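>>> coords please:
(one chain, ligands or ions: 2)
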Amino acid sequence: MSEPLSIAVVGAGGRMGRALIRAIAEDPKARLVGALEREGADEFMEDAGTMAGIGALDVAVATDPDVAFKDAEAILDFTAPEATRSFADLAAERGIAHIIGTTGMSTDDEAHIHVAAEKTPIVKSGNMSMGVILLSVLVEKAAAALEASDWDIEVLEMHHRHKVDAPSGTALLLGQAAATGRGIDLEHNAVRMRDGHTGPRAAGAIGFATLRGGSVVGEHSVIMAGAGERVELTHYAEDRAIFARGAVKAALWTRGKAPGLYSMRDVLGLT
Ligand SMILES: NC(=O)C1=CN([C@@H]2O[C@H](COP(=O)(O)OP(=O)(O)OC[C@H]3O[C@@H](n4cnc5c(N)ncnc54)[C@H](OP(=O)(O)O)[C@@H]3O)[C@@H](O)[C@H]2O)C=CC1
Ligand SMILES: O=C(O)C1=N[C@H](C(=O)O)C[C@H](O)C1
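Ligands and ions are numbered 1, 2, ... in the order given. Next up, the predicted model:
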């Protein structure tokens, strides 16, 4: 068996940061070698394991990327778009694989990631859980089978009250799967919000609806509504561990891979 993969977690004190530290500690194929937080962060503690609630792991939480990334072969990044852009540059300079779960990225941010992927393997996905990636495959197949003139597609999502971006990365990923199934461009067919006198629904549109509240980890439904019948494909996330385990799986998969931008479908062999 090969040596465990050496992994650093950025945004280590965040909801996902702490779940990622726990997932690495649970996987014998991975080892935590670095954890990065911002200076003065609310969640700052000296040891990464203590911060994640699993007891000391002898990995100090650093505020300097040079320290956190020193021994890393992969970085797990569930932070914010601006931070992810700068981590992409640092990972590319060092040839470290970059696993990106951050959502809410702009077109400009996406272009930045494409450039970084010329130098190092990057796996990026709006959702890293096995269930959602499988759901996206089902949505693509269903959308291909159902005539756009007869079936309307709407994506409904709900998340906790702290979430800052909308629609969620997962909702957009599922909307993209529906658009791919239909052979259309999502950007030109997406209706991301409705308010006031909107007029009737445009044929072929892919609609998005966003709910926020409480502690909901993540719920997504793709609703296909026809005349007199409706099909709903739904995923319920019950624990952030599902995303964290997917991110660790993605990091392990990058070992020996050429630079490039990869998806979770690549990682799971569902392309
Ligand atoms: N792809 C997937 O499967 C999933 C994706 N996500 C996405 O992951 C991201 C994080 O979610 P969550 O953990 O709930 O959020 P949190 O706010 O709990 O954590 C974000 C972390 O990133 C850090 N951070 C934010 N901005 C910067 C910056 N500019 N420089 C350095 N560090 C920064 C924060 O530090 P500080 O506390 O100092 O601000 C914090 O530690 C979101 O985009 C979310 O949508 C979440 C779950 C699953
Ligand atoms: O912010 C979250 O919490 C989540 N974000 C991701 C998204 O935007 O879809 C994934 C998951 O649903 C949780």
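>>> which residues make contact with the longest helix seen in the chain from outside it?
Counting by DSSP state H, the longest helix found in the chain is helix 130-145. Identification of contacts with helix 130-145 by Cβ atoms under 8 Å, 6 or more residues apart in numbering yields 125, 127, 153, 170, 173-174, 176-183, 220, 222, 224, 231, 233, 235, 237, 242, 246, 264-265, 268, 270. Where you see a C-beta, it was placed from the backbone N, CA and C, and this is true even at glycine.
>>> Which pLDDT does the model give Thr271?
The model reports Thr271 with a pLDDT of 85.
>>> neighbours of it, just the number please.
9 (other Cβ atoms under 10 Å).
>>> Correct me if wrong: it contacts Thr180.
No: applying Cβ atoms under 8 Å as the test, Thr271 and Thr180 come out as separate, 11.8 Å apart.
>>> re earlier: now the buried members of the contacts of helix 130-145.
With burial judged by 16 or more other Cβ atoms under 10 Å, the buried subset of those is 125, 127, 153, 170, 173-174, 176-182, 220, 222, 224, 235, 237, 242, 246, 264-265, 268.
>>> returning to what we had before: is ligand 1 contacted by the helix or strand following the longest helix of the chain?
Using DSSP states H and E, the helix or strand that follows helix 130-145 towards the C-terminus is strand 152-159. No: interface with ligand 1: strand 152-159 contributes nothing (Cβ under 6 Å from any ligand atom), its closest point being 8.1 Å away.
>>> does the closest residue to Glu73 other than its chain neighbours sit in a helix, a strand or a coil?
Leaving aside its chain neighbours, Glu73 sits nearest to Ser6 (4.8 Å; criterion: Cβ to Cβ, 6 or more residues apart in numbering). Secondary structure, DSSP: H, G, I helix; E, B strand; the rest coil: Ser6 is strand.
>>> In this structure Val123 contacts Thr254, no?
Yes: the criterion here is Cβ under 8 Å, and Val123 meets it with Thr254 at 6.4 Å.
>>> Between these two, tell me which one has more neighbours.
For Val123 versus Thr254, the count of surrounding residues by other Cβ under 10 Å is larger for Val123: 28 against 22.
>>> how about the residues of the stretch 1-150 of the chain near ligand 2?
103, 126-127.
>>> What residue in the stretch 1-150 of the chain comes nearest to ligand 2?
As assessed by Cβ to the nearest ligand atom, ligand 2 sits closest to Thr103 within the stretch 1-150 of the chain, at 3.7 Å.
>>> measure that residue to ligand 1 for me?
For Thr103, the distance to ligand 1 (Cβ to the nearest ligand atom, to the nearest Å) stands at 4 Å.
>>> Over to Asp165?
Distance from Asp165 to ligand 1, by Cβ to the nearest ligand atom: 6 Å.
>>> With adjacent residues omitted, what lies nearest to that residue?
Excluding its sequence neighbours, the residue lying closest to Asp165 (Cβ to Cβ, 6+ apart) is Gly104, at 3.0 Å.
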